[in-house]
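K.L.:
Below: sequence and its predicted model.
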Amino acid sequence: MSDLAETDTMDDIAVTQLHGGNGSGADMVFMFNDNQISVSIFPSNGSSTKDTRQMEPKDRPLQDRLVDLISRATTCQDDDEYDRLEDEVLGVILDAGRHLFSRPISSQGAVAQNGQSLNHLLFPPFLYFRLEAPASHASIVPINPAEANTILTIDPALDPGFEEELEICQDIPRYIPEEIVVTKSFVRGANTVTAAVQVRGRDMFCKSRGQPGGLFGTGEGRELECLGEILKAFPQPNTIQVPQLLGYIHHKDTKQILGFLRQWVPGRRLSDVDITTATVEKRQKWSVQISETIKCLHEHGLVWGDGKSSNIIIDEQDNAWLIDFGGGFTEGWVDEELAETKKGDEQALAKIVELLSEGNDASSSL
């Protein structure tokens, strides 16, 4: 898992939910850039698609076929078949409604400074539509939430009975998503945001997830707890080449922890550095810094986890920082059976040192 990801200018689309059943109606929910779109599809006769299932495909109402495709997808056990069904339905929806989905909408309470508030991206509003296709041509019309096949929860983290299971540092500041301004979004998903942010004028980096059940057992939860342990072991800034934990993000009503804020380290990933153009001194410096950081972590019973070159930042002063303590492993860097262990870190370190050493031969031959 990487903290940084490229973004492009194309529409950012990701299906997050499908709801179907016995042919009485279905809906697809997907992210379309900054909005959550819900498109409901109902049988052409208003009650069931069963009456048209014996018709020739060319004669059958398209909306009946789409209802059945979604219903099949919700029970499908084959990933390839699921993707095919999902793509067919999504294609029809986008062809008919992209112009509507692309329209900007206002967001109450969003911070209007350099970017949107984290709250807007973490809990984007739902826009409800209905697909109508009594023949072969489809059209999309806006509807009220009450008319939808499924009424969705805008804020899934709003659970008054939630009990936090994470190990939290009680003296760390806490912030609500409404006061966090996103300056650059790196990773967007269903109620998940990884981004560069500003908090009260200070640049920071955040990972957040607003879903029922909290962060316990997630990569974000592991990283939050690990950064907390690192802060306890190294309370003074810049005593270890790991970005310092600066704050927690919590829900303004339930106080559920939604994510964390850490020190922002301007720079680039080691994987993006042309090793052959870096001097021998720089590469040796990075090897020493990375090795010393891992050694310090291990001496305090801490593990990096997903060690690899893309989880190392070379800052503007040419210092190497370890990032992404969310766990897991990456094939080619750490063996699966060594994931999230000291031996796994050592395996990744050996490959990183080898990578940095390879540049020596290249530079000497120039």
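P.N.:
Yep, it's here.
K.L.:
Hmm, residue 25 and residue 42 touching each other?
P.N.:
Yes. Between residue 42 and residue 25 there is a contact at 4.8 Å, judged by Cβ atoms under 8 Å. Just so you know, the C-beta spots here come from the backbone N, C-alpha and C atoms, and that holds for glycine as well.
K.L.:
Going along the chain, name the helices of the stretch 201-350 of the chain.
P.N.:
Shown for the stretch 201-350 of the chain, the helices assigned by DSSP state H, counting those that start in this stretch span residues 219-233, 280-299, 342-364.
K.L.:
now these in CSV, with mean neighbour count, distance to residue 201 and mean pLDDT?
P.N.:
Shown next, in CSV, are the helices of the stretch 201-350 of the chain (neighbours: other Cβ atoms under 10 Å; distance: least, Cβ to Cβ, whole Å; pLDDT from 0 to 100):
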stretch, mean neighbour count, distance to residue 201, mean pLDDT
helix 219-233, 20, 22, 96
helix 280-299, 17, 29, 98
helix 342-364, 16, 35, 84
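K.L.:
can you put these in JSON lines and add distance to residue 305?
P.N.:
Output for the helices of the stretch 201-350 of the chain, formatted as JSON lines (distance: least, Cβ to Cβ, whole Å):
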{"stretch": "helix 219-233", "distance to residue 305": "8"}
{"stretch": "helix 280-299", "distance to residue 305": "10"}
{"stretch": "helix 342-364", "distance to residue 305": "7"}
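K.L.:
Of all those, which one is nearest residue 120?
P.N.:
Closest to residue 120 of the helices of the stretch 201-350 of the chain, according to Cβ to Cβ: helix 219-233, at 19.0 Å.
K.L.:
contacts for the helix or strand of the chain with the lowest mean pLDDT?
P.N.:
Across the helices and strands of the chain, mean pLDDT, DSSP states H and E gives its lowest value to helix 342-364, namely a mean of 84. Helix 342-364 is contacted from outside by 270, 275-276, 278-280, 283-284, 286-287, 290-291, 294, 297-298, 303-305, 307-309, 312, 329, 333-335, 338, using Cβ atoms under 8 Å, 6 or more residues apart in numbering.
K.L.:
just the CA coordinates of that helix, formatted as CSV?
P.N.:
This file holds the C-alpha atoms of helix 342-364, laid out as CSV (Å, rounded to 0.1, in the frame of the first residue of the first chain):
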residue,chain,number,x,y,z
LYS,A,342,11.1,-8.1,11.8
LYS,A,343,12.4,-10.7,9.3
GLY,A,344,10.1,-9.3,6.7
ASP,A,345,11.6,-5.8,7.3
GLU,A,346,15.1,-7.3,7.1
GLN,A,347,14.2,-9.0,3.8
ALA,A,348,12.9,-5.7,2.3
LEU,A,349,15.9,-3.8,3.7
ALA,A,350,18.3,-6.2,1.9
LYS,A,351,16.5,-5.5,-1.4
ILE,A,352,16.5,-1.8,-0.9
VAL,A,353,20.2,-1.7,0.0
GLU,A,354,20.8,-3.9,-3.1
LEU,A,355,18.8,-1.4,-5.2
LEU,A,356,20.8,1.5,-4.0
SER,A,357,24.1,-0.4,-4.5
GLU,A,358,23.2,-1.2,-8.1
GLY,A,359,23.6,2.5,-9.0
ASN,A,360,27.3,2.3,-8.0
ASP,A,361,28.1,0.1,-11.0
ALA,A,362,26.1,2.2,-13.3
SER,A,363,27.6,5.5,-12.2
SER,A,364,31.2,4.1,-12.4
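K.L.:
can you give me how far that helix is from the chain middle?
P.N.:
29 Å (Cα atoms, centre = their mean, to the nearest Å).
K.L.:
Could you do stretch 243-259 as well?
P.N.:
With Cα atoms, centre = their mean, you get 16 Å for stretch 243-259.
K.L.:
any idea of the mean pLDDT in it?
P.N.:
Averaged across stretch 243-259, the pLDDT comes to 93.
K.L.:
buried ones in that stretch?
P.N.:
Residues of stretch 243-259 classed as buried by neighbour count (16 or more other Cβ atoms under 10 Å): 243-251, 254, 256-259.
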